[in-house]
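Trainee: I would like the atomic coordinates for the input below:
(one chain, ligands or ions: 2)
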Amino acid sequence: MSNTLMAGKRGLIMGLANDKSIAWGIAQACADAGAELAFTYMGDAFKKRVEPLAKSLGSDVMIDCNVSDPASIDAAFAEVERVWGKIDFLVHAIGFSDKNELRGRYIDTSRENFLNTMDVSCYSFTAVAKRAEKLMGDGSAMLTLTYYGAEQVMPHYNVMGIAKAALEASVKYLAEDLGKDGIRVNAISAGPIKTLAASGIGDFRYILKWNELNSPLRRNVTIDDVGKAALFLLSDLGSGTTGENLHVDAGYHVVGMKAVDAPDI
Ligand SMILES: NC(=O)c1ccc[n+]([C@@H]2O[C@H](COP(=O)([O-])OP(=O)(O)OC[C@H]3O[C@@H](n4cnc5c(N)ncnc54)[C@H](O)[C@@H]3O)[C@@H](O)[C@H]2O)c1
Ligand SMILES: Cc1c(CN(C)C(=O)CCc2cnc3c(c2)CCC(=O)N3)oc2ccccc12
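Mentor: Ligands and ions are numbered 1, 2, ... in the order given. Below is the predicted model of the structure:
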C-alpha cells in the first residue's frame, strides 16, 4: 500500500474486461491506497480473465452483471449488499455501441443502435447509481468515464459521442440529487487508450498518434494516469468536487489550433 487514502473503504468497480481496461488502472490505484474491491463483469467469457485480476488485488467478490438487464443490476447490488451491506465508492467503466456504426457518418445511425448505445453507455450509470445510493452514505463517491467526443466531433465516434454528452449531463443531475446525502458524482474524460473497447476501431492508431503529437504533454495517457485521477475523485482529496468532468487527456482538449511549427502527421 503506497498510501492510505482509501484505507477502510469498500468499492464496486463495474466494467473490468482485462488488464488493459481503464477499470483495471482505477482498481490498481484504489487497491494500492488500501481499498477493498468488488467487481462486476459481463458474462462467463470475461469471468476467466477478471477472476485472476481481482484475486491479485485481494478481492473475492466478482459478480456477473449485464447493465442492459434491470434484473441483472438488481441481483448484482443485492449480492453486494449481502456481502458488504454498504459501499463507499462506485466506478462505472462501461460503454458499448455497434462497431459497424462507429465508422462512416453519424446521420446513418440506426434507431436500434441509438437506443441500445444510450441504454448501455449512458442510462446504465443512472440505473446503477439508483441502486448504489441505497448502500452509500456521507463521504461516498461515484465515478464514470467519458470522452472528448461528447464535446467536439471526433471522427467516427458518432453515436457514442451523443451517449457521452448525455452521460456528462446526467453526472450533473445525479450530483444535485445525491449531494445533499454527501454522495459525490463525477466523470473522468480520458484521452484515447488502446483497450478492448478501442480495438476493432479502424483508424485507432491514427487517433493515438494524432493525440500524441497534438496534446500539450506530447504523449498519450495510460490507465495509470486515469487511475491516479480517479483516486483523487474517489478519495477524501476530492471532498469538495462533484458534478465535475475531469479531463485526463494530456491536455488535448485545451488546444484549438497548433502553432505553424507544430509537427504535422
Ligand atoms: N479506451 C478509450 O480510449 C476510452 C477513452 C475515454 C473513455 N473511455 C470509456 O471508458 C470506459 C471503459 O472502457 P475501456 O476503454 O476500459 O474498454 P474495456 O473494453 O476494457 O471496458 C468496457 C467494459 O464495458 C463492459 N460492457 C459493455 N457492455 C456491457 C453491458 N451491457 N453490461 C455490462 N458491462 C458491459 C465490457 O464488458 C467491458 O468490461 C467506457 O465507458 C469507455 O467509453 C474509453
Ligand atoms: C477514442 C475512440 C474510442 C475509444 N472510446 C473513447 C470509447 O468510448 C470506446 C467506444 C466503443 C463502444 N463500443 C464499441 C467499441 C468502442 C469498439 C468495439 C465494439 O464492438 N463496440 O472509440 C472510438 C470510435 C471511433 C473513433 C474514436 C474512438
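Trainee: and the nearest residue to residue 50 once chain neighbours are set aside, backbone torsions?
Mentor: Excluding its sequence neighbours, the residue lying closest to residue 50 (Cβ to Cβ, 6 or more residues apart in numbering) is residue 41, at 4.4 Å. Where you see a C-beta, it was placed from the backbone N, CA and C, and this is true even at glycine. Backbone geometry at residue 41, expressed as degrees, to the nearest 10, gives phi -140, psi 170.
Trainee: Look at residue 41 and say how many residues are nearby.
Mentor: Using other Cβ atoms under 10 Å, residue 41 has 25 other residues around it.
Trainee: In this structure it contacts residue 47, no?
Mentor: Yes - between residue 41 and residue 47 there is a contact under Cβ atoms under 8 Å: 5.8 Å.
Trainee: Find residues that contact each of these two.
Mentor: Residues touching both residue 41 and residue 47 (Cβ atoms under 8 Å, 6 or more residues apart in numbering): 62, 64.
Trainee: now this protein, which segments are flagged as low pLDDT?
Mentor: When residues are selected by pLDDT under 70, those of the chain lie in 1, 261-265.
Trainee: buried stuff in the longest helix along it?
Mentor: Once the chain is assigned using DSSP state H, the helix that runs over the most residues is helix 159-179. Neighbour-count burial for helix 159-179 flags 159-164, 166-168, 170-172, 174-175, 178 (criterion: 16 or more other Cβ atoms under 10 Å).
Trainee: Of the residues you listed, which is the nearest to ligand 2?
Mentor: Checking the buried residues of helix 159-179 against ligand 2 by Cβ to the nearest ligand atom gives residue 160 as the nearest, at 4.9 Å.
Trainee: And that closest one, how far from residue 147?
Mentor: Distance of residue 160 to residue 147, given as Cβ to Cβ, to the nearest Å: 7 Å.
Trainee: repeat for residue 141
Mentor: Counting by Cβ to Cβ, the gap from residue 141 to residue 147 is 21 Å.
Trainee: how close does residue 180 get to residue 237?
Mentor: 22 Å.
Trainee: Correction: the previous question concerned residue 228.
Mentor: Counting by Cβ to Cβ - residue 228 and residue 237 are separated by 11 Å.
Trainee: Neighbour count for these two, which is higher?
Mentor: Neighbours of residue 228 and residue 237, each counted by other Cβ under 10 Å, are more numerous for residue 228; the result is 17 against 11.
Trainee: Help me confirm that that one comes into contact with residue 32.
Mentor: No - assessed by Cβ under 8 Å, residue 228 is found out of contact with residue 32, at 9.7 Å.
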